[in-house]
Each structure stands twice: as structure tokens, then as C-alpha cells.
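J.: from the sequence below, what's the structure:
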Amino acid sequence: MGALYALKGRGGQQPTAVIAADIVALRSLLPELAGAELAAVSRLLPGPFTLIVSNPAQRYPWLSGDRPHTLGVRIAVLPQVTQNVLNAVGAVAATSANDPGEQPAASLADVPARLIEGCGAVLDGGALPGTPSTIVDLTGSEPVIVREGMVSAAETLARLAS
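T.: Numbering: from 1, shown residues only. Alright, predicted model coming up:
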């Protein structure tokens, strides 16, 4: 994970999410995911969300940053070619393909050359919306919108309430 953090220019205290192929793959990575958190995950994923969930076994500490009892998870709606790769591996560490503080990349052409050069492989799944995922922390008694992205805070909370 050190190479990913070095490439992105990030410190180890900042978390990195896991993107899973589907709910089965996610549950195999985080078997403790259950109850209200699993229900919330099932309401929002797959979709344009990064969810912060409890990680009581402190799995994948290199991804958890300074919150080892949590883990960021995603199941995205992906172009078929990208989904096929993810299906083959089950899950990957996922970070944005932009420099910190810069606009999100909407296409491979928007990705800084140094990031592409630092990758072992590049898969062009076509144009993306260029809007980041909505981040929701599900670890407390009530969900907390950490960052509003593709889906508004109001719509996100409404989906969770249904």
C-alpha cells in the first residue's frame, strides 16, 4: 500500500476505500458486516457511494488510516469491461485518479501522466461523470454525510430511511 500512498502523495493516516465486485465479495472481505449497517449498505450499494462501516476485527489496517475500527467500502456501477476485471479479483483498493486537491478525472485523458506511469496496468472504462461519490459514515447511531457527491445528502438520507 506504501506505493499507492507515495504515488498519490498521501500520508498513511488518510484512509483508502475498498471497491468490491458485489455484496458477496464485500461480505467475504468484512464478514462482521451485519445488522443495521448491512441493511444500510444494501439500500445504497451498488451505487455512487463510499460507505464508512465498522471494522471491529481491524481488517486491512493499511487502508483504515487513523480510524482502524472502520473501513470505507464501495460497490460501484461500472462499465462492463471494468466490472469483468473486478469480478475476477473480487476487490481492490480504490482511490481517485487525480492529484490531491485537483478536480476528479472524468476520463483517462484527465489522469495525470505521473499517475498512469506509476500504475502496473491501466484500464480505460470510458468517460465517468467526474463527480465524486457521496461519503456516508454508518458507524454511529445515525448516518452522517461526510461528503455530498453524486447523490444529495437529502436523497441519501431518504434512501436510508426507506
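J.: quick one: Leu45 and Asn98, what's the gap?
T.: 23 Å (CB to CB, to the nearest Å). All C-beta spots, glycine's among them, are computed from the backbone N, C-alpha and C.
J.: apologies, that question was intended for Val77.
T.: Val77 is 20 Å from Asn98, by CB to CB.
J.: quick check, Thr70 in contact with Val53.
T.: Yes - Thr70 is within contact range of Val53, at 6.7 Å (criterion: CB atoms under 8 Å).
J.: which neighbours do the two share?
T.: Thr139 (CB atoms under 8 Å, 6 or more residues apart in numbering).
J.: pull the helix or strand with minimum mean pLDDT from the protein.
T.: helix 2-8 (a mean of 83; mean pLDDT, DSSP states H and E).
J.: quick one: list the elements packing against that one.
T.: helix 113-117 (3 or more CB pairs under 8 Å, 6 or more residues apart in numbering; DSSP states H and E).
J.: is Val53 in a helix, a strand, or coil?
T.: Look at Val53: counting by DSSP: H, G, I helix; E, B strand; the rest coil, its state is strand.
J.: of Val77 and Asn98, who's got more company?
T.: Shown here are Val77 and Asn98; by other CB atoms under 10 Å, Asn98 has more neighbours (18 against 9).
J.: where in this protein is pLDDT low?
T.: 1 (pLDDT under 70).
J.: Asp124 and Asp110 touch, don't they?
T.: No - using CB under 8 Å, Asp124 is not in contact with Asp110; the gap is 11.5 Å.
J.: compare those two (neighbour count), which wins?
T.: Neighbours per residue (other CB under 10 Å) separate Asp124 from Asp110, with Asp110 holding more: 15 against 12.
J.: OK, contacts around that one?
T.: 97-98, 103, 130.
J.: and these, which of them are in strands?
T.: Among these, no member falls in strands (DSSP state E).
J.: which among these end up buried?
T.: Buried by 16 or more other CB atoms under 10 Å: 97-98, out of the contacts of Asp110.
J.: and the contacts of Asp110, which is closest to Asp22?
T.: The closest of the contacts of Asp110 to Asp22 turns out to be Ala97 (CB to CB; 22.4 Å).
J.: okay then, goodbye and thanks.
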